[in-house]
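**Q** turn this into a structure:
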Amino acid sequence: MIVNGTIKELKRGKVYLQKWNDSVLVAIDSAVIEGNPDFKFQYQLAEPEVFYVSLNIKNPSDLDDEIYFFGEPGLITIHTHLDGFGSKAVISGSVNDSLWRVYNKIKQRYVARNLELIEKRLSTNLDNNDSLRNAFERQEQSLINSKHMATVNFALRHSDYEIAPFIVLDEAYNVRSKYLDTVYQSLSPKIQTSKYGIVLEQLVEARKEMENELSVLE
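**A** Presented below is the predicted three-dimensional model:
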């Protein structure tokens, strides 16, 4: 994987390419920027997975988070601006990343609806009103369930890509085993044996075991 990038308005700093390794975010490559805002990373990548680009400058408070992307073998391009480092990043060259951006737009609809519900709840007097409080809780749970099902359905529609098991692990890991297993069984053999496919299979088995134990207790 080759990552070519530009950070407009950046005069001096150090850019890092990072990934998770055994629950630890580690730097796997870096580039020093002095005058020229361009950077380049190279990494021997066997299969698509998630990476992060972070920046070390004198005033890190100027940045808004890191840049995350779904890396793939081949050429990835990243263009961003020092002001809006994470939010203004434009990424191309990765099919999985493009699908991830589509999914995130769907997710943001649920985030917005949840914020509206929170604002409504905060502006409502719930003192000694159990029925109204329960109604809000039902709405919140219904929204969570809808988001989970949207995630599962998105994964089912894109079962030939590594993004499918990843978004389920990231956004819907606590749904019932039958939904997790439905996604896993829909994956192509290549995706089932991918990094995130293997983790999803492990989650399916663990969730089934937990549900069986709970059914026995009941």
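**Q** backbone dihedrals for the residue in the chain sticking out farthest from the centre, please?
**A** Distance from the centre of the chain peaks at Asn128, with 39.4 Å (C-alpha atoms, centre = their mean). Main-chain torsions, Asn128, degrees, to the nearest 10: phi 60, psi 30.
**Q** what's the answer for Asp97, then?
**A** phi -70, psi -40.
**Q** not counting sequence-adjacent ones, nearest residue to it?
**A** Closest residue to Asp97 apart from its sequence neighbours, by C-beta to C-beta, 6 or more residues apart in numbering: Phe70 at 3.9 Å. For glycine as for every other residue, the C-beta is placed from the backbone atoms N, C-alpha and C.
**Q** can you count the residues close to Ala46?
**A** Neighbours of Ala46 under the rule other C-beta atoms under 10 Å: 9.
**Q** can you tell me how far it sits from Glu162?
**A** Applying C-beta to C-beta, to the nearest Å, the value for Ala46 to Glu162 is 12 Å.
**Q** now do the contacts for Arg133.
**A** By C-beta atoms under 8 Å, 6 or more residues apart in numbering, Arg133 lies in contact with Leu126.
**Q** which element is it on?
**A** Using DSSP states H and E, Arg133 falls within helix 130-157.
**Q** can you check Glu205 too?
**A** Using DSSP H and E, Glu205 falls in helix 195-217.
**Q** so what angle separates the directions of that helix and helix 130-157?
**A** 140 degrees (axes from the mean of the first three to the mean of the last three C-alpha atoms, to 10 degrees).
**Q** hmm, who's touching helix 195-217?
**A** Against helix 195-217 from outside (C-beta under 8 Å, 6+ apart): 47, 49, 162, 165-166, 168-169, 173, 176-177, 180-181, 183-184, 187, 191-192.
**Q** give me the buried entries from those residues.
**A** In the contacts of helix 195-217, burial by neighbour count holds for 49, 162, 165-166, 168-169, 177, 180-181, 183-184, 187, 191-192, counting by 16 or more other C-beta atoms under 10 Å.
**Q** farthest pair in those residues?
**A** Among the buried ones among the contacts of helix 195-217, the pair separated by the greatest distance (C-beta to C-beta) is Glu49 and Ser177, at 24.6 Å.
**Q** neighbours of Ser188, how many?
**A** Ser188 - counted by other C-beta under 10 Å - has 13 other residues nearby.
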